[in-house]
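K.L.:
no letters, just coordinates:
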């Protein structure tokens, strides 16, 4: 498409003075994606999933926009680091067993005000209490995670991630009650991430039957979860009248989750970068904003070039959809016998014949923030210029997972 050709020209021109491998973020696309997330959220604030960005400068850029409020972090160490560097509202999205981190959290009033931890089992509170040092007197802010999976046949069929054991409104309310009776903890929120809706594309190229099945599953799951989430929130509010927030959603389900009255804020992050896994949605279209460029180092024959590096698979169930995809120039594909390699990657297609040694091939990662674990900096592009160079978490010496 013409716009992709124009983008390639811009990226090549902007980075002509830079050697690859390198990673870029197109700020025009990043900002357009941010604006679209805000539009889809319909007035509810968006909490940014930091794992999908992994760059403080870009977290700050998004939070400077109206419609974004707070961070959803992925480890306790990251949460404490973000709080110390100026972020004022950090929700840890996953339970932690970081004893040193909990000792710091419970001993520092600023950290205790800023960071909220995730709990779905009272045994997690035992670990926190055991980690408290002599000065660990601060009350810990707690968020409860509601399991969102769709269960059928008496629970024998489950659709959705294996996350929290708190599935029923009664059980999450009982947990809130038990925490409320325990000194040193205060329930302030509920989180419910519907990954089987937000994180699964519903239009798979060349697979119409599978796509229809996914849409039917997601429609049923949305209805079931909306009713159960509302009931769970009512049950917890009966125990915790001053509940501060109810978080739900994800990039792929922003508008449907925002339509639920029980939800007060939306979680999203991947929608800022728009990696390849978000190409298969009927509910929205984003602009690829984060890419990495690899240099052509060999021309083994007609219709083939070899680039340096490339073996950057994404997490999740192994499969072709977890691989980066050659994006620019159009018309390149992997050799089925080799795929993307640890040190080099052959690419096939007629577009290879127009590439010279030293030219860049631009790729999209399958997932969003995982790209930043491969690069220590991001070059930020406006138009056809690099306007800034900012460190990723890795570039700041932080490798949390």
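P.N.:
Yep, that arrived. It should be emphasised that the depicted structure is a prediction, and the values quoted were computed from it without experimental measurement.
K.L.:
all strands for the stretch 151-300 of the chain, in order.
P.N.:
For the stretch 151-300 of the chain, applying DSSP state E, counting those that start in this stretch gives strands covering 157-159, 185-192, 245-248, 265-268, 290-301.
K.L.:
relative to the second one, what are the paired strands and their orientations?
P.N.:
If I follow you right, that is strand 185-192. strand 140-145 (parallel), strand 245-248 (parallel) (DSSP bridges).
K.L.:
adding mean neighbour count, write those out as CSV.
P.N.:
C-betas here are computed from N, CA, C, even on glycine. Shown next, in CSV, are these (neighbours: other Cβ atoms under 10 Å):
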stretch, mean neighbour count
strand 140-145, 23
strand 245-248, 24
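K.L.:
out of those, nearest to residue 72?
P.N.:
Residue 72 lies closest to strand 245-248 among the strands paired with strand 185-192, at 7.4 Å (Cβ to Cβ).
K.L.:
in this structure, which helix or strand is least confident?
P.N.:
Within the chain, no helix or strand scores below helix 195-198, which has a mean of 68 by mean pLDDT, DSSP states H and E.
K.L.:
spatially central residue in the protein, please.
P.N.:
residue 52 (3.3 Å; Cα atoms, centre = their mean).
K.L.:
for the residue lying closest to that one once chain neighbours are set aside, give its distance to residue 296.
P.N.:
In this structure, residue 52 finds its nearest non-sequential neighbour in residue 269, 3.0 Å apart by Cβ to Cβ, 6 or more residues apart in numbering. Separation of residue 269 from residue 296 (Cβ to Cβ, to the nearest Å) stands at 32 Å.
K.L.:
show me where pLDDT drops low in the chain?
P.N.:
For the chain, the stretches with pLDDT under 70 are 1-2, 153, 195, 198-204, 206, 209-213, 219.
K.L.:
what about residue 156, how many residues nearby?
P.N.:
7 (other Cβ atoms under 10 Å).
K.L.:
what does the one 4 residues further on give?
P.N.:
The local packing of residue 160 (other Cβ under 10 Å) involves 20 other residues.
K.L.:
what of residue 378?
P.N.:
24.
K.L.:
can I assume it is in contact with residue 387?
P.N.:
No: with contact defined as Cβ atoms under 8 Å, residue 378 does not reach residue 387; the gap is 11.6 Å.
K.L.:
go through the protein and flag its longest helix.
P.N.:
helix 208-239 (DSSP state H).
K.L.:
next, the angle strand 185-192 makes with that one.
P.N.:
Relative orientation of helix 208-239 and strand 185-192, computed by axes from the mean of the first three to the mean of the last three Cα atoms, to 10 degrees: 160 degrees.
K.L.:
that older thread, residue 139 versus the residue nearest to residue 52, what's the distance?
P.N.:
With Cβ to Cβ as the criterion, residue 269 and residue 139 are 28 Å apart.
K.L.:
which other residues reach the strand or helix carrying residue 103?
P.N.:
For residue 103, the element it lies in under DSSP states H and E is helix 99-107. Here helix 99-107 makes contact (Cβ atoms under 8 Å, 6 or more residues apart in numbering) with 76-77, 79-80, 96, 111-112, 115, 117, 127-128, 130-133, 135-138, 140, 184.
K.L.:
do that again at 6 Å, thanks
P.N.:
Helix 99-107 is contacted from outside by 76-77, 80, 111, 128, 131-133, 135-136, 138, using Cβ atoms under 6 Å, 6 or more residues apart in numbering.
K.L.:
then stretch 45-55?
P.N.:
Residues from elsewhere that reach stretch 45-55 (Cβ under 6 Å, 6+ apart): 37, 59, 62, 67-74, 265-270, 368-369, 372, 378, 392-393.
K.L.:
what does stretch 239-257 give?
P.N.:
40-41, 173, 176-177, 187-192, 197-199, 222, 233, 237, 262-268, 270-271, 281.
K.L.:
show me which of those residues are buried.
P.N.:
40-41, 173, 176-177, 187-192, 197-199, 222, 233, 237, 262-268, 270-271, 281 (16 or more other Cβ atoms under 10 Å).
K.L.:
so between residue 269 and residue 296, which is more surrounded?
P.N.:
The residue with more neighbours, out of residue 269 and residue 296, is residue 269; 25 against 19, by other Cβ under 10 Å.
K.L.:
that one and residue 344, how far apart?
P.N.:
For residue 269, the distance to residue 344 (Cβ to Cβ) stands at 31 Å.
K.L.:
same check, this time on residue 36
P.N.:
Taken as Cβ to Cβ, the span from residue 36 to residue 344 is 37 Å.
K.L.:
surely residue 364 touches residue 323?
P.N.:
No: taking Cβ atoms under 6 Å as the definition, residue 364 is not a contact partner of residue 323, at 10.2 Å.
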